[in-house]
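Asks: have a look at this prediction, sequence included:
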Amino acid sequence: QVQLVESGGGLVQAGGSLRLSCAASGRTFSSYAMGWFRQAPGKEREFVAAISWRSSTTFYVDSVKGRFTISRDNAKNTVALQMNSVKPEDTAIYYCAASEPYTSSWYRKAAYVYWGQGTQVTVSS
């Protein structure tokens with residue numbers, strides 16, 4: 001099992017940048033695919049980005065492609081989401097998530113079973 005703690009949320013103006021971080025517990029971090037999800041008020045949780053446990057492949061939802069970048073540092077047990085050119089519609093609670101170890105379905109929302117508590121991102125226009 002892995003425990004996840006997000007940080008880095010806050011208030012940012014449209015067009016600006018924000019970097020979210022997620023620290024994971026455990027000695028087998030490199031075996032987990034990692035993802036970022038978000039949930040805006042009144043909406044379902046959305047799968048935003050993911051990175052495979054091999055770190056060789058990434059996934060992004062169309063609305064953030066070219067603006068957001070997911071990365072991981074297996075030596076530090078962290079995963080980050082760099083958010084550039086943010087828009088008011090990016091406003092949401094952002095959640096870090098981890099899959100079961102060595103999953104081949106890391107690009108699927110259902111693969112993520114461990115969750116952080118979330119961090120609020122608010123983009124002002």
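Replies: On my side now, so go ahead. Residues are numbered from 1 along each chain as shown.
Asks: from here on, just use CA atoms for contacts and neighbour counts.
Replies: Will do.
Asks: give me the pLDDT value at the residue positioned nearest the centre of the chain.
Replies: Residue closest to the average C-alpha location in the chain (Cα atoms, centre = their mean): residue 36, at 2.1 Å. We have a pLDDT of 98 for residue 36.
Asks: what do you get for residue 32?
Replies: Predicted confidence (pLDDT) for residue 32: 95.
Asks: quick check: bridge partners of it?
Replies: With beta bridges defined as DSSP bridges, residue 32 has these partners: residue 101.
Asks: double-check it against residue 97; I have them as touching.
Replies: No - using Cα atoms under 8 Å, residue 32 is not in contact with residue 97; the gap is 9.5 Å.
Asks: which ones are touching the residue nearest to the centre of the chain?
Replies: Neighbouring residues of residue 36 by Cα atoms under 8 Å, 6 or more residues apart in numbering: 47, 48, 49, 50, 81, 94, 95, 96, 97.
Asks: can you give me the helices for this protein?
Replies: Counting by DSSP state H, the chain has no helices to list.
Asks: and for residue 53, the neighbour number?
Replies: By the measure other Cα atoms under 10 Å, the count of residues near residue 53 is 24.
Asks: residue contacts, it?
Replies: 30, 31, 32, 33, 34, 102, 103.
Asks: which residue comes closest to it once chain neighbours are left out?
Replies: Among residues not flanking residue 53 along the chain, residue 33 sits closest, at 4.2 Å (Cα to Cα, 6 or more residues apart in numbering).
Asks: list of residues touching stretch 2-9?
Replies: 18-26, 29, 95-98, 114-122.
Asks: put the buried members of these into a ChimeraX selection.
Replies: Here is the ChimeraX command that selects the buried residues among the contacts of stretch 2-9 (16 or more other Cα atoms under 10 Å):
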select :18,19,20,21,22,23,24,29,95,96,97,98,114,115,116,118,119,120,121,122
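Asks: where does this protein have low pLDDT?
Replies: Counting by pLDDT under 70, the chain contains no low-confidence residues.
Asks: and the strands in it?
Replies: Under the criterion DSSP state E, strands of the chain are mapped to 4-7, 10-13, 18-24, 32-39, 46-51, 58-60, 68-73, 78-83, 92-101, 112-115, 119-124.
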